[in-house]
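Asker: give me the fold of what follows.
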Amino acid sequence: MERIVAELVRRTDSAHFDTQVLALGYVGDFGDGLEEFATVHVAEPMPKWSMLHPHRLARQIAAIAPDIVHLHSGVLYKASLAASVANVPYQIYTDHGRQNPDPWTNRAIDKLASRRIDVVVAVSDQLRNHLAGFVQHPSRICVVHNGVDTERYSPEPDDGEFRRELGIAPNAPVIGSTGRFEPVKGYGILIEAFARLRASWQSLPLPVLILVGDGTERLSLERATSRLGISDSVHFVGWRGDIQRVSRTFTLFSMSSLSEGTSVSLLEAMSAGVCPVVTDVGGNAAVLGPELKHRLVEAADPDALARALAHALLDTAARERDARVARERVLHHFSLASMVQHYEALYNAACPSTSFHI
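Answerer: Coordinates of the predicted model:
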């Protein structure tokens with residue numbers, strides 16, 4: 001989500017839109033350099049009862065005086081209330097994905113907040129259908145798929161540099177994954193599947209797993225690799241600013257998520273020409289399309305994921321064909337330029353003036 005917001009800020013037409021970013025708590029890693037494209041604010045500390053009356057946040061929003069407030073997942077109720085108190089004329093909310101299962105309390109709170117929203121954006125068709133079950137005005141929901149920079153994430157040969165940094169053999173198969181180490185991402189399932197893959201692998205060198213990211217489950221995931229006896233073959237490399245270089249190392253890209261919107265990590269890997277093997281949740285099926293539906297795996301099934309990974313690694317010709325198909329799908333359906341154009345169209349529809357504040 002942070003990555004999408006940062007790209008949207010960088011690429012929105014500055015001649016027509018005056019963009020301001022108001023972060024609740026902290027700006028984050030993806031905020032580096034945003035000052036070149038927008039005025040960046042950090043919200044004042046708020047008390048626990050601010051959900052009921054976020055007067056400090058409302059005061060900051062009123063000082064900015066935007067024509068449009070564009071909210072994102074995680075702040076819908078509080079921020080939409082603050083924007084209403086600040087008399088913002090128009091509110092847009094983008095939902096980047098829900099928990100699975102989605103707690104009824106979250107749905108009830110978001111239903112109340114949705115009354116204040118003029119346009120609700122879902123990042124996948126499946127998410128739109130889910131939101132329609134509790135958003136106050138389902139007719140206000142539209143879909144804008146996430147996009148990635150297809151020039152930055154393009155197929156490049158592996159120069160071996162990152163392999164050497166990690167001590168990985170030049171010809172070792174590498175399964176890569178990028179994301180937050182949180183329960184909804186199901187990384188424990190991927191680690192279980194990788195352990196089963198390694199146990200059944202009958203040739204050398206053995207496959208390697210590279211996990212890019214961080215989160216609250218990192219320590220437990222590292223312990224799981226030790227318990228399964230695969231810690232020497234699983235590399236936790238943290239968040240990286242050079243994902244496009246790291247992805248050149250990947251033979252396969254995999255995700256074991258229990259829920260997804262439209263995964264930016266998946267789009268980046270496919271744009272870089274890496275064959276995906278991912279769980280059939282959220283928007284993943286729409287991203288892969290009918291051409292790659294055979295690379296979808298049932299969620300929460302490490303045996304099925306292990307079999308799918310093994311099949312993809314062992315069939316080089318099919319894997320390389322699917323890598324080319326993956327790249328073409330992103331080029332035609334999930335470009336960053338297309339995503340920005342869709343959001344600019346929503347902004348233009350909201351305000352008739354020639355230039356305005358977001």
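
Asker: next SSE downstream of the helix or strand where His41 lies?
Answerer: For His41, the element it lies in under DSSP states H and E is strand 39-42. Toward the C-terminal end, the helix or strand that comes next after strand 39-42 (DSSP H and E) is helix 55-64.

Asker: can you point out the buried residues in that next one?
Answerer: Applying a neighbour-count criterion of 16 or more other CB atoms under 10 Å, the buried positions in helix 55-64 are Leu57, Ala58, Gln60, Ile61, Ile64. C-beta coordinates here come from the backbone N, C-alpha and C atoms, glycine included.

Asker: which other helices and strands does that helix contact?
Answerer: Contact partners of helix 55-64 among helices and strands, from 3 or more CB pairs under 8 Å, 6 or more residues apart in numbering; DSSP states H and E: strand 20-23, helix 76-85.

Asker: now that helix against helix 76-85, angle please.
Answerer: Relative orientation of helix 55-64 versus helix 76-85 (axes from the mean of the first three to the mean of the last three CA atoms, to 10 degrees): 50 degrees.

Asker: from the rest of the structure, what touches helix 55-64?
Answerer: For helix 55-64, the external contacting residues (CB atoms under 8 Å, 6 or more residues apart in numbering) are 20, 22, 24, 41, 43-46, 50, 69, 78-79, 81-83, 85-88, 357.

Asker: quick revisit: which neighbours in the sheet does the strand holding His41 have, and how are they oriented?
Answerer: Using DSSP bridges, the strands paired with strand 39-42 in its sheet are strand 20-23 (parallel).

Asker: related to what we said a few turns ago, buried stuff in the strand holding His41?
Answerer: Counting neighbours by 16+ other CB under 10 Å, one finds that strand 39-42 has no buried residues.

Asker: can you check stretch 337-353 too?
Answerer: Of the residues in stretch 337-353, those with enough neighbours to count as buried (16+ other CB under 10 Å) are Met339, Val340, Tyr343, Glu344, Leu346, Tyr347, Ala350, Cys351.

Asker: in JSON lines: those, plus pLDDT, secondary structure and distance to Ile168.
Answerer: Converted to JSON lines, the buried residues of stretch 337-353 look like this (pLDDT from 0 to 100; DSSP: H, G, I helix; E, B strand; the rest coil; distance: CB to CB, whole Å):
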{"residue": "Met339", "pLDDT": "96", "secondary structure": "helix", "distance to Ile168": "34"}
{"residue": "Val340", "pLDDT": "96", "secondary structure": "helix", "distance to Ile168": "36"}
{"residue": "Tyr343", "pLDDT": "97", "secondary structure": "helix", "distance to Ile168": "39"}
{"residue": "Glu344", "pLDDT": "96", "secondary structure": "helix", "distance to Ile168": "43"}
{"residue": "Leu346", "pLDDT": "96", "secondary structure": "helix", "distance to Ile168": "44"}
{"residue": "Tyr347", "pLDDT": "95", "secondary structure": "helix", "distance to Ile168": "45"}
{"residue": "Ala350", "pLDDT": "90", "secondary structure": "helix", "distance to Ile168": "50"}
{"residue": "Cys351", "pLDDT": "78", "secondary structure": "coil", "distance to Ile168": "52"}
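
Asker: mind listing the strands for this protein?
Answerer: Remark: strands of the chain, listed N- to C-terminal, are 17-18, 20-23, 39-42, 68-72, 90-95, 119-122, 141-143, 174-180, 208-214, 234-238, 252-255, 275-279, 296-297, 356-357; assignment by DSSP state E.

Asker: hang on, the earlier thing: which of the buried residues of stretch 337-353 sits closest to Leu190?
Answerer: Checking the buried residues of stretch 337-353 against Leu190 with CB to CB, the nearest one is Met339 at 27.3 Å.

Asker: list phi and psi for the nearest residue to the closest one once chain neighbours are set aside.
Answerer: Of all residues not flanking Met339 in the chain, Gly147 sits nearest, at 3.4 Å (CB to CB, 6 or more residues apart in numbering). Backbone geometry at Gly147, expressed as degrees, to the nearest 10, gives phi -140, psi 160.

Asker: fine by me, thanks again.
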